[in-house]
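Participant: Quick one, what's the 3D model for this:
(2 chains)
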2 protein chains.
Amino acid sequence: MDFKTYNEALDNLLKSAQIWDRVERIALSSALGRIVSSDVIASKNYPEFATAAMDGYACRFADLSSGKLRVVGAIPAGSDDKTSLKDKECVKTFTGSLLCEDADTLIPIENVTVENDLITINKPVNLGFALRQIGESYKKGDVLLKKGTKLGYSELALLAELGQSYVNVYIRPKVAVLSTGSEIVDIGEAPTHKAQIHSSNHIAIANMVSLLNCEAVILPVIKDDLELIKNTILNTLKSCDFLITTGGVSVGDFDFIRDILKSEFELVVNGAAIKPGRHIKIAKIGDKFIFALPGFPYSAMVTCALFFREFINKILNTNENYRFKAILDEDFTKKSNFEEFGAASVRNDNGVMKISTSTKKSGSSAIVSNLNNNAVLLNCKMDQTMLKKGQVVEYLVMM
Amino acid sequence: MDFKTYNEALDNLLKSAQIWDRVERIALSSALGRIVSSDVIASKNYPEFATAAMDGYACRFADLSSGKLRVVGAIPAGSDDKTSLKDKECVKTFTGSLLCEDADTLIPIENVTVENDLITINKPVNLGFALRQIGESYKKGDVLLKKGTKLGYSELALLAELGQSYVNVYIRPKVAVLSTGSEIVDIGEAPTHKAQIHSSNHIAIANMVSLLNCEAVILPVIKDDLELIKNTILNTLKSCDFLITTGGVSVGDFDFIRDILKSEFELVVNGAAIKPGRHIKIAKIGDKFIFALPGFPYSAMVTCALFFREFINKILNTNENYRFKAILDEDFTKKSNFEEFGAASVRNDNGVMKISTSTKKSGSSAIVSNLNNNAVLLNCKMDQTMLKKGQVVEYLVMM
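Facilitator: Numbering: from 1, shown residues only, chains lettered A, B, ... in the order given. Just a heads-up that it's a prediction; the model follows:
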């Protein structure tokens, strides 16, 4: 079998992906982690008016040299009192208060002595001191959040500051997750003999899908039965946008997913020269896609990141970067002629990123725990036969 | 006012914190991001029996030299067929299948030619090839997840593999968030005059709290009114474990939270020599804590990370590290005599972490957007007056 390279296979997938155009409006209080579906632009300067950045006395800078000022009023935060200043006057002003008219400087409480309605300036300040100027945070027309931005705690705070209580975000694609295999026992079931193992793939993939801003639907595990698999796939596509399956894509007699995808759908990816995951298949029908991942858990999780994540990243405009560089801790020898993605861990060593594979178990692609503890993937390219200790290498973060 | 250092203030807080002892049992399918409350230990070897890592023919290594083997059966994945081997025999075996008795090696499909019930070995393999050995993933008694581990996609997959369908996790502490200030208009309300601004603090803090494995409760915004604030605090503590307030902690005439904490509770932190946030106050009553953060959004978010996050990190045993090193892009001059935490961004430059503050706006601590885009905090210590371009500096990741 002649495999396409990872980049060729990925290009084929991304070329056939359509930008997501489904938008909903949700409350700010439940929008954490969601993706904004249009640019957010400042409709006014912020702050709109000069305000005090400290507790003190609003005054005219020119009057400070006189050494004493008369306190003619107070403007608590939230008051729109219209007090204005005459010569050598000041107004007591609090953090967040509007500045009174004519004032251009704030002299902090700590810099004065108060006696009745007179303050003595013990320590002068510069013109404009402790003022929050008009437009300090942003100017009218500034693009504050670009379409595709993920809403974190501070992006949400910004929307609240703008006066928004609802926000337009992409509807989360609904993604069904189907674990297949006659040896697989479903979650909450007990094995009945020694050839059975519990499914972990559907739990792994469903949680990855959730972290990628999709709504995951976990289907019941099914056995290697051609008709059952075919009917389940066709039925699932009625209610879900995308389907991710695991198992049944290799060269064995019971790898029915491979056969079904070839006969019923349009294959956009038919294997790739990667380890793990060379037997991955991706097919489409209309605007629905089926990602058929290998059955070993490590392979399934890695190919989910290599293909499904990139697909979602493209259709939701998130443009996130997952590739970074680090210095390799020890020699790494490739096991195949393919592009490899090996489990590794990174650490920040006095400002230099170091990567190591020695923290991970060697063995088959069935080892789930190799992706624990925020593991990353060490990327050894097609044209590299080994990576040397001390070399700058590329890695992919997972999620 | 004589401020304690950040480390002294934090020590005081953490000394009075009690380890969280409230545990619930939840379904694996809704446990993403939760914290396990006890060690997870392997109850058996995994895999328990040798299985095939590829599709091929299970055989005895010693027979491979004969060049031809007779196929005496097939063991699909999930079958516990008891076939055993005699001289020069093999059994067709699939990825994930149990190995038949007496077999010690798997010869892959790709390495043989099949004719009727005979296979010809075209390319021999080593002893034990393509087997997944007993205990390859883990051995009985291995500690697989330590108490305090955050459940990511692969940790959850591991629990599923172990046959768990439920998991013990810490009950999320219930944290009320109260934004105060007479100038503050609540989310979903319209300002009525120019001295009013929208609250962003409660949205910011509530989302930070959610990201820290707590359940956030957003209270309605209240004005600077001593009795109202006092009653709200006391009432909230009936239903919540912790309370985070913003505003009202400085030296102004309307800073009532400061007064209430001093009169009604036991102060464990009374300000700290930090910028932003020197007026932070933390008080306790029994095992409940009130975190009174400053009112400017940047100050509130930073002090939430500096104190509340460390507190939660301690009581939930998560032991996460938030401090890393990077090379500074440009000179940074401290604005105060305090320990400073300035907004900055980091990037991985060919394996070296670089940090820059020039991507951020200078101005007051009211600028919310300075924490957008995964901003970090550049840490300039008490004894440093400036940081030089090219120097290795410390930063804190936010969340």
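Participant: How confident was the prediction at A:Asp253?
Facilitator: Note on A:Asp253: pLDDT of 80.
Participant: and it, what does it touch?
Facilitator: Going by CB atoms under 8 Å, 6 or more residues apart in numbering or on different chains, A:Asp253 touches B:74, B:76, B:92, B:94. The way it works is simple: take the backbone N, C-alpha and C, and place the C-beta from them, glycine included.
Participant: Starting from chain B, give me the distance back to A:Val268.
Facilitator: From A:Val268 across to chain B, the span is 24 Å (CB to the nearest CB, to the nearest Å).
Participant: so which of the contacts of A:Asp253 comes closest to A:Lys288?
Facilitator: Among these, B:Phe94 lies closest to A:Lys288 (CB to CB), at 29.2 Å.
Participant: If we ignore the residues flanking it in sequence, what's nearest the closest one?
Facilitator: In this structure, B:Phe94 finds its nearest non-sequential neighbour in A:Gly252, 4.6 Å apart by CB to CB, 6 or more residues apart in numbering or on different chains.
Participant: wait, what's in contact with that neighbour?
Facilitator: B:55, B:94-95, B:109.
Participant: would you list these in TSV and tack on secondary structure?
Facilitator: Compiled in TSV, the contacts of A:Gly252 are given as follows (DSSP: H, G, I helix; E, B strand; the rest coil):
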residue	secondary structure
B:Asp55	coil
B:Phe94	coil
B:Thr95	coil
B:Ile109	helix
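Participant: which strands and helices sit next to whichever strand in chain A runs longest?
Facilitator: For chain A, the strand that runs over the most residues, judged by DSSP state E, is strand A:339-349. The helices and strands touching strand A:339-349, judged by 3 or more CB pairs under 8 Å, 6 or more residues apart in numbering or on different chains; DSSP states H and E, are strand A:274-275, strand A:352-356, strand A:376-380, strand A:392-397, strand B:323-328.
Participant: who wins for proximity to B:Val221 among those?
Facilitator: Closest among the helices and strands packed on strand A:339-349, using CB to CB: strand B:323-328, at 33.5 Å.
Participant: wait, which of the helices and strands packed on strand A:339-349 is closest to B:Val23?
Facilitator: When the helices and strands packed on strand A:339-349 are compared by CB to CB, strand B:323-328 sits nearest B:Val23, at 29.2 Å.
Participant: Quick check: what element follows that closest one along the chain?
Facilitator: strand B:332-333 (DSSP states H and E).
Participant: what sits up against that next one?
Facilitator: So strand B:332-333 is contacted by B:342, B:357, B:378, B:380, B:385-387, B:393 (CB under 8 Å, 6+ apart).
Participant: quick one: which two of the residues you listed are the most distant?
Facilitator: Applying CB to CB across the contacts of strand B:332-333, the maximum distance is between B:Thr357 and B:Thr385, 15.9 Å.
Participant: if you count what's nearby, which of those two comes out ahead?
Facilitator: B:Thr357 (20 against 9; other CB atoms under 10 Å in any protein chain shown).
Participant: contacting residues for the residue lying closest to A:Ser356 once chain neighbours are set aside?
Facilitator: Nearest residue to A:Ser356 in three dimensions, chain neighbours excluded: A:Asp329, at 3.9 Å (CB to CB, 6+ apart). By CB under 8 Å, 6+ apart, A:Asp329 lies in contact with A:354-358, A:389.
Participant: Redo those residues as JSON lines? Include pLDDT.
Facilitator: Conversion of the contacts of A:Asp329 to JSON lines gives the following (pLDDT from 0 to 100):
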{"residue": "A:Lys354", "pLDDT": "98"}
{"residue": "A:Ile355", "pLDDT": "98"}
{"residue": "A:Ser356", "pLDDT": "98"}
{"residue": "A:Thr357", "pLDDT": "96"}
{"residue": "A:Ser358", "pLDDT": "94"}
{"residue": "A:Lys389", "pLDDT": "98"}
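Participant: Now rank those by neighbours and give me the top one.
Facilitator: Neighbour-wise, the contacts of A:Asp329 (other CB under 10 Å) top out at A:Ile355, 25 neighbours.
Participant: and the nearest residue to it once chain neighbours are set aside, how many neighbours does it have?
Facilitator: Leaving out its chain neighbours, the residue that sits closest to A:Ile355 by CB to CB, 6+ apart is A:Ala326, at 3.9 Å. Using other CB under 10 Å, A:Ala326 has 26 other residues around it.
Participant: How about A:Ala326: which residues does it bridge to?
Facilitator: A:Val393 (DSSP bridges).
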